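In: Quick one: sequence and predicted model below, then my questions.
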Amino acid sequence: MKLATWNLNSIKVRLPQLLDWLAQARPEVVCLQEIKTEEVKFPRAELEAAGYQAAVSGQKTYNGVAILATSPLRDPSVGIPGFADEQKRVVAVTLEDLRVVCVYCPNGQAVGSEKYAYKLRWFTALKSYLAAELARHSKLAVAGDFNVAPEDRDVHDPKAWEGQVHVSEAERSAWRALLELGLTDSFRLFEQPEKTFSWWDYRMLGFRRNAGLRIDQILLSPELAKRCNACTVDKAPRRLERPSDHAPVVAEIS
DNA sequence: ATGGCTACGATCCGTAGA
């Protein structure tokens, strides 16, 4: 089974690319972020024609998440229970005995800003939520755009990024706290090419220079980590005309 | 030399992303 995550940066703009990619990669589960649209405008019919059902939590202009799957979606849940938030950043579903949580973690804008404080609060709430989900589901996958590059090897130029938002110690510590719950970063279960990233700035020829960050991850509970056979970044969609600034990350689980 | 794209909604620019 293939489980993927992809920050699309607008499903309206990227729908043709998404459909092409689904047809080629044939993932069973896909977590999408930054769909930037409301549920009513979500392209449900086109995705159903491609064989996917969807659970969606969307809003106009910003944020918005969805889970696509080829099998029936049960027990959908949106947001983080007990954490009031206007921003649509979390959706979860159950697929047979697999629980999938799709997250679009806050950007944080700049260290010390209001949005940075929100990001850290948000991670604290996410940790409590995932602790509860782990207690309930032995097969738990948490996939999405975490907006944290966990280590210096996940950063194209650690010197230039030192202390900046996405790599600051408080953010990395908040990210590691998720692993301390018992989750594993599936990407690091395997040998990986040096300088593998999942996001590249649209500016400054970021992709051509491979000036990127690995901020999109698939975290797995112990039972799933045991069954994970691969985790890769698919850079092909980032090479297309008018691409998302993120590439899909794909985990294979047996 | 600190910018440099892109998407969106309401303008002909501001907000946000990372």
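Out: Here it is on my side, so go on. Here the structure is a predicted model, which means the values were calculated and not measured.
In: Which element, helix or strand, includes A:A170?
Out: Per DSSP states H and E, A:A170 falls inside helix A:169-180.
In: Pairing partners for the helix or strand following that helix, with directions?
Out: Where DSSP H and E defines the elements, the next helix or strand beyond helix A:169-180 is strand A:184-185. Paired with strand A:184-185 in the same sheet, following DSSP bridges, are strand A:216-220 (antiparallel).
In: does any part of the partner strand sit near DNA strand B?
Out: No - Strand A:216-220 lies out of reach of DNA strand B by Cβ under 7 Å from any atom of the strand, never closer than 9.0 Å. Backbone N, C-alpha and C define where each C-beta goes, glycine included.
In: now could you export just the CA positions of the helix or strand following that strand as CSV?
Out: Downstream of strand A:216-220, the first helix or strand assigned by DSSP H and E is helix A:222-226. C-alpha atoms of helix A:222-226 as CSV (Å, rounded to 0.1, in the frame of the first residue of the first chain):
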residue,chain,number,x,y,z
PRO,A,222,5.5,1.2,15.7
GLU,A,223,3.3,-1.3,14.0
LEU,A,224,3.3,0.6,10.7
ALA,A,225,7.0,1.5,10.9
LYS,A,226,7.7,-2.3,11.1
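In: List of residues touching the helix or strand that comes right after helix A:222-226?
Out: For helix A:222-226, the following helix or strand on the C-terminal side (DSSP H and E) is strand A:228-233. Residues outside strand A:228-233 that contact it (Cβ atoms under 8 Å, 6 or more residues apart in numbering): A:186-187, A:189-190, A:196-198, A:214, A:216, A:218, A:220, A:247-254.
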